[in-house]
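Enquirer: Got a predicted model here, sequence first, then my questions.
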Amino acid sequence: MKILKLEKSDLDKWLAEWMKSSPVYAPVQSGFGSFYDWARLEQGRMPELLPGVPKSSIKTFLFPQPETLEEFSADPADPSAFILKAPKTAEQLTIIAGVRPCDARSVSLNALPYAKDPYYSNRLRNTALVGFTCETQCSTCFCTRTGGLPTGTEGLDIAITRMDNTFLAEILTQKGELLAEAGRTGTDAGGDALSRLEQSRKNSGSPVSSADDPAPILREKDLMALYQAPFWQEIAEPCLNCGACTFLCPTCYCFDIQDEVIRDRGRRIRYWDSCMFPLFTLHASGHNPRGLKLQRVRNRFMHKLKYFPERFGPISCVGCGRCIRECPVNIDIREVYTDLLAI
Amino acid sequence: MTKQTADNPNNQMVNSYTPFPARIDDILVETEDGNLKTFRIVLENQKDISKWNHVPGQFAMLSLAGRGEIPIGIASSPTEKGRILFTVNRAGVVTKALHQMETGSRIGVRGPLGNGFPVDSDLKGKNIVIIAGGFAFTTLRATLVYMLANRDNYGKITVIYGARTPGMLLYRDELKEWAGRNDLEVHVTIDSEAPGWDGLVGFVPTIAGEVAPSPENAAALICGPPIMIKFTMPPLEKIGWTDDQVYLSLENRMKCGLGVCGHCNVGPVYVCKDGPVFTREQVQRLPVEF
């Protein structure tokens, strides 16, 4: 792996060079209050890296909503009317910069259920993630309790870390190499750069292991013992089923599919859906297998912390803390961890 | 930066979201209330026809462009070449629109999806009892037709099928034909006495208790309303049937049919991908979310 040393001006140059040929997105602060979220960069508009994560997760890029699955003609005179065809996909690289390690890791986790999904795979192939490792851990951050690290590089093509007043860029993939070349600046940080990086992380007191990863313990626990645990009623009681947690969550990947027709053109789209909503499971007969709020809240946590690890290994949570930050009734997934681990 | 990177694994991933174009070849109204129709579907493209291969018990997504998709059990056996049958109950938006369509209309078919009954593995060489209630007979019809086409692979076959009234029975012509076969035992019942009906009268669980064969080297395939399944088990258990010999087919709301979208999960399993067929032993270990 190559490590490059960059000054602040080199970073600006990288972004400026990339913008010439690719759309580049990064977190910026909007003019309205403290809203901190993703926006497309233009020349002169540079990312602002505040501590923690932007309001929405990067699933908006890899799993955008709506996403057109197929298009069709709805003109009855057209011999190919109502034949669905997937739209042609452009092989155009999109660069997401300023990605936090938790968000980057969510991309790899979502790739597990989406392994055979052509749309997700296509976007994954055409997206480069340039990360910034975390110097600050917010009160809602808990990546080390999910198998991640504030300095983690999983899912990233380039990981940038601030060291003193310069930056070290770890070039992690071939896509990362292409980006570094295209940036046309930066100097080799030397053979000892990695050890200096690690030493600096150690000195800063940043966690170096995710020893609290609950996945191995939760995988071994009896499914029905967790499902029938006595605390679900208490956890679910204040929930409004607003679904904010699922929409903000980078690893909530469930979707709905609907058809839209405008005059003689139609398309089939998918968009984010939430297991918090009663409609999610409602049968046409009127029967609803998860008609109760308790059942829906339990499903969300059980899916992330038991069903997903049973199927794929890791838990489906990266510890970004968005659900904790935005939940209107202060439901805290970290407390659910503690409860489940105590069973 | 439009050039391909080496991180590019494959460009030609199969797109399982896109339905095959198909035509409605024939429509048969099955029941006296008009709520159940059997649609005979023919795929339009030769390459899709030659690729199509299903196992009894599997389902497919019927796609009505502009309306949406619905998961429907495949009612025909793979031995019935050149046509695919779906018996559809009119219940929601898409099924209602489908019921209003005419012969020759274009639809889409996406599938086959799910696992199906283990007709060529665990069920081979066994005595089979098929127990069905109401309109849940569809994939069991597919299974029965398949077994009759491969009759030597199975022992004694018993069918117990019930509906509310004679006019609510599906596949009435075939039921008559099957009743006349000597390699098959058929018990058709209706819930209560009806004029002109001289067959069995009584609920499926009662009839199952009276005619169910020994569990010795046998398997039961049960499809019907949950209440029917619940009351059919005790009489079977009384004569020694165990949960691992009983195959059920679950239903849940589905969208992708590929185990991704998250709608149909029953605890850790997806009905669409891991099912819809499960043994009762498997179902008993799952949360009751179906």
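Expert: That came through, no problem. Here the structure is a predicted model, which is why all the values come from computation and not from measurement. Residues are numbered from 1 along each chain as shown, chains lettered A, B, ... in the order given.

Enquirer: In the stretch 51-200 of chain B, what residue lies closest to chain A?
Expert: Closest to chain A within the stretch 51-200 of chain B is residue B:92: 3.3 Å, counting by C-beta to the nearest C-beta. The way it works is simple: take the backbone N, C-alpha and C, and place the C-beta from them, glycine included.

Enquirer: Just want to check the distance between that residue and residue A:29.
Expert: 45 Å (C-beta to C-beta, to the nearest Å).

Enquirer: again, but for residue B:145
Expert: 66 Å.

Enquirer: These two: who's more crowded?
Expert: residue B:145 (21 against 15; other C-beta atoms under 10 Å in any protein chain shown).

Enquirer: got the contact list for the residue nearest to the more buried one when sequence neighbours are not counted?
Expert: Distances taken as C-beta to C-beta, 6 or more residues apart in numbering or on different chains place residue B:77 nearest to residue B:145, at 3.8 Å, with adjacent residues excluded. Listed by C-beta atoms under 8 Å, 6 or more residues apart in numbering or on different chains, the contact partners of residue B:77 are B:56, B:142-143, B:145-146, B:149.

Enquirer: The residues you listed, buried ones only, as a PyMOL selection?
Expert: To isolate the buried members of those in PyMOL, using 16 or more other C-beta atoms under 10 Å in any protein chain shown:
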select buried, chain B and resi 56+142+143+145+146
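
Enquirer: could the contacts of residue B:77 be laid out in TSV, adding secondary structure, distance to residue B:263 and pLDDT?
Expert: Converted to TSV, these look like this (DSSP: H, G, I helix; E, B strand; the rest coil; distance: C-beta to C-beta, whole Å; pLDDT from 0 to 100):
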residue	secondary structure	distance to residue B:263	pLDDT
B:56	coil	24	97
B:142	helix	24	97
B:143	helix	26	97
B:145	helix	30	97
B:146	helix	29	98
B:149	helix	34	97
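
Enquirer: backbone phi and psi for residue 113, please?
Expert: Since you didn't name a chain, this refers to chain A. Main-chain dihedrals, residue A:113, degrees, to the nearest 10: phi -70, psi -30.

Enquirer: So the residue in the stretch 151-290 of chain B positioned nearest to chain A: helix, strand or coil?
Expert: In the stretch 151-290 of chain B, the residue that lies nearest chain A is residue B:262 (3.2 Å; C-beta to the nearest C-beta). Under the three-state scheme (DSSP: H, G, I helix; E, B strand; the rest coil), residue B:262 adopts coil.

Enquirer: which residue sits closest to it, ignoring its sequence neighbours?
Expert: residue A:254 (3.2 Å).

Enquirer: Spell out which residues sit in contact with the one you found, please.
Expert: A:246, A:272-275, A:280, B:261-263.

Enquirer: Residue A:305: which of those is nearest?
Expert: residue A:275 (13.6 Å; C-beta to C-beta).

Enquirer: so where does that closest one fall, helix or strand?
Expert: Residue A:275 is part of no helix or strand when elements are defined by DSSP states H and E.

Enquirer: Confirm for me that it is in contact with residue A:301.
Expert: No. Using C-beta atoms under 8 Å, residue A:275 is not in contact with residue A:301, being 10.2 Å away.

Enquirer: for the stretch 151-300 of chain A, what spans make up the strands?
Expert: Here the stretch 151-300 of chain A has its strands, by DSSP state E, counting those that start in this stretch, at A:158-163, A:166-171, A:187-188, A:255-262, A:265-272.

Enquirer: Now for residue 147, how many residues are close by?
Expert: Just going to use chain A. Neighbours of residue A:147 (other C-beta under 10 Å): 24.

Enquirer: looking at chain B here, not the other one
Expert: 23.

Enquirer: tell me the contacts of it?
Expert: By C-beta under 8 Å, 6+ apart, residue B:147 lies in contact with B:119, B:128, B:153-154, B:157.

Enquirer: domain parsing for chain A?
Expert: Split into domains by the TED database, chain A comes to A:2-65+A:74-204, A:214-342.

Enquirer: quick check: mean pLDDT across the first one?
Expert: Confidence over domain A:2-65+A:74-204, taken as the mean pLDDT, stands at 90.

Enquirer: Tell me how many other residues surround the residue nearest to residue A:291 when sequence neighbours are not counted.
Expert: Spatial nearest neighbour of residue A:291, excluding adjacent residues (C-beta to C-beta, 6+ apart): residue A:278 at 6.3 Å. Other residues near residue A:278 come to 14 when the count uses other C-beta under 10 Å.

Enquirer: Double-check residue A:51 against residue A:136; I have them as touching.
Expert: Yes. Assessed by C-beta under 8 Å, residue A:51 is found in contact with residue A:136 at 3.7 Å.

Enquirer: which residues do the two both contact?
Expert: Going by C-beta under 8 Å, 6+ apart, no residue sits against residue A:51 while also sitting against residue A:136.

Enquirer: Low-confidence regions, the stretch 1-150 of chain B specifically.
Expert: Along the stretch 1-150 of chain B, the parts satisfying pLDDT under 70 run over B:1-12.

Enquirer: list the contacts for the residue nearest to the spatial centre of chain A?
Expert: Residue closest to the average C-alpha location in chain A (C-alpha atoms, centre = their mean): residue A:250, at 3.4 Å. Contacts of residue A:250 were listed using C-beta under 8 Å, 6+ apart, and they are A:57-59, A:102-103, A:106-107, A:110, A:318, A:320, A:322.

Enquirer: What ranges does the stretch 51-200 of chain B have for its strands?
Expert: Under DSSP E, counting those that start in this stretch, the stretch 51-200 of chain B gives strands at B:59-64, B:68-73, B:84-89, B:106-113, B:127-133, B:157-163, B:185-190, B:200-201.

Enquirer: Tell me how many other residues surround residue 186.
Expert: The chain I'm using is chain A. So residue A:186, with other C-beta under 10 Å, has 22 neighbours.

Enquirer: you looked at the wrong chain, it should be chain B
Expert: Neighbour number of residue B:186 under other C-beta under 10 Å is 20.
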